[in-house]
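Asker: Pasting a predicted model and its sequence here:
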Amino acid sequence: MSHCPKCKSIMDDFEIGICNACKRERRKQKEFNIAVSWEECGIVKIKADSLEEALQIVEEDQSIRLPESSYVDGSFRADYEVSESLN
């Protein structure tokens, strides 16, 4: 006899993987679309006459390519309102 890795119940020798009860439980679960967002941080090089002008260019010019970036720790979030509208 072996034990189910999920619920630790005793399984018959002919069962492979998880026990039949866990298989039934898994089949009952629904799948949901969850909208998520996160922040990334990067640096872009902008040619301008002043820092203020460079910042204005970054905010207004949508043709600026996304830079190499890094994930901002702790920024991963689920959007509850959008997720409700998706399901």
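Answerer: Noted; the coordinates are in hand.
Asker: So what pairs up with the residue nearest the centre of the chain in the strands?
Answerer: Within the chain, the residue whose C-alpha comes closest to the C-alpha centroid is V36; the distance, by C-alpha atoms, centre = their mean, is 5.8 Å. The partner list for V36 in beta bridges (DSSP bridges) reads A78.
Asker: For it, list the residues it contacts.
Answerer: With C-beta atoms under 8 Å, 6 or more residues apart in numbering as the criterion, the residues that contact V36 are 76-79. C-beta coordinates here come from the backbone N, C-alpha and C atoms, glycine included.
Asker: Give me the buried subset of these.
Answerer: Neighbour-count burial (16 or more other C-beta atoms under 10 Å) is assigned to none of those.
Asker: now, among the residues you listed, which is nearest to E53?
Answerer: Each of these was checked against E53 using C-beta to C-beta; the closest is R77, at 32.9 Å.
Asker: pretty sure that closest one is touching E39, no?
Answerer: No - applying C-beta atoms under 8 Å as the test, R77 and E39 come out as separate, 9.1 Å apart.
Asker: what's the neighbour count on A54?
Answerer: A54 has 15 neighbouring residues, counting by other C-beta atoms under 10 Å.
Asker: That one and A48, how far apart?
Answerer: Using C-beta to C-beta, to the nearest Å, we find A54 at a distance of 4 Å from A48.
Asker: now do the same end-to-end measure for stretch 21-40.
Answerer: End-to-end distance of stretch 21-40: 42 Å, with C-alpha to C-alpha, to the nearest Å as the criterion.
Asker: meant to ask about stretch 40-52, not that
Answerer: Where stretch 40-52 begins and where it ends lie 22 Å apart, using C-alpha to C-alpha.
Asker: Equivalent analysis for stretch 46-54, please.
Answerer: Note: stretch 46-54 ends 6 Å apart using C-alpha to C-alpha.
Asker: quick check, distance from that stretch to the centre of its chain.
Answerer: Distance of stretch 46-54 from the chain centroid (C-alpha atoms, centre = their mean, to the nearest Å) equals 35 Å.
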